[in-house]
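Asks: Need coordinates for the following:
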Amino acid sequence: MNNASRAFRYLATFSALLFFALAAIWLFSPATLLASWGVLFDGGTTGLVGRRAAPLYAGIGVVLLLARNAPPSPGRTAVVAGFVTTCLLLALLGLGEWAVGHVEAGIVPAVLVEVALALAFLFVVRAEGRAKAHG
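Replies: Numbers count the residues shown, from 1 in each chain. Got it, this is the predicted structure:
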């Protein structure tokens, strides 16, 4: 298999677009997400942290968009490992913040999406590896 699978291309593209949307929301309307998590937007500290997160989400989106056609390789594996790590740590952080009462149950959909994206990337990469081994 010399090229990325269709599943990897679609997943990377979808994830990139999702992260671009999150970057825009964090940059222009951080109060929207924070309100859904039950966090008061004070315009100061929470606004600053939210706006500073926006470029990180945008950067991850760019990496995924540029990697979407990359064939399986150590570099692409590094991109996937970084993305999976990011998603799982965000999910763990969200659950931890919910457990101690810093956020409300509105964080659960974000956690579920983060876990689903991590698992989807792991599944697609594993399937590509199996296809390469058998083909």
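
Asks: Which strands or helices does the strand or helix carrying Ala16 pack on?
Replies: Secondary structure from DSSP states H and E places Ala16 in helix 6-28. Counting contacts by 3 or more Cβ pairs under 8 Å, 6 or more residues apart in numbering; DSSP states H and E, helix 6-28 packs against helix 30-36, helix 45-67, helix 108-134. For glycine as for every other residue, the C-beta is placed from the backbone atoms N, C-alpha and C.

Asks: could the ones you listed be laid out in TSV, adding mean pLDDT?
Replies: Output for these, formatted as TSV (pLDDT from 0 to 100):
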stretch	mean pLDDT
helix 30-36	91
helix 45-67	93
helix 108-134	92
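
Asks: what would those helices look like in CSV with distance to Val80 and mean neighbour count?
Replies: Output for the helices and strands packed on helix 6-28, formatted as CSV (distance: least, Cβ to Cβ, whole Å; neighbours: other Cβ atoms under 10 Å):
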stretch, distance to Val80, mean neighbour count
helix 30-36, 25, 17
helix 45-67, 8, 16
helix 108-134, 5, 15
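
Asks: would you list the ones you listed in JSON lines and tack on distance to Ala91?
Replies: Listed next are those as JSON lines, based on distance: least, Cβ to Cβ, whole Å:
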{"stretch": "helix 30-36", "distance to Ala91": "15"}
{"stretch": "helix 45-67", "distance to Ala91": "15"}
{"stretch": "helix 108-134", "distance to Ala91": "4"}
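
Asks: ok, back up a step: and the helix holding Ala16, what's its mean pLDDT?
Replies: What helix 6-28 shows for mean pLDDT is 96.

Asks: Who's the closest spatial neighbour of Ala7, skipping the chain neighbours?
Replies: Excluding its sequence neighbours, the residue lying closest to Ala7 (Cβ to Cβ, 6 or more residues apart in numbering) is Val124, at 4.8 Å.
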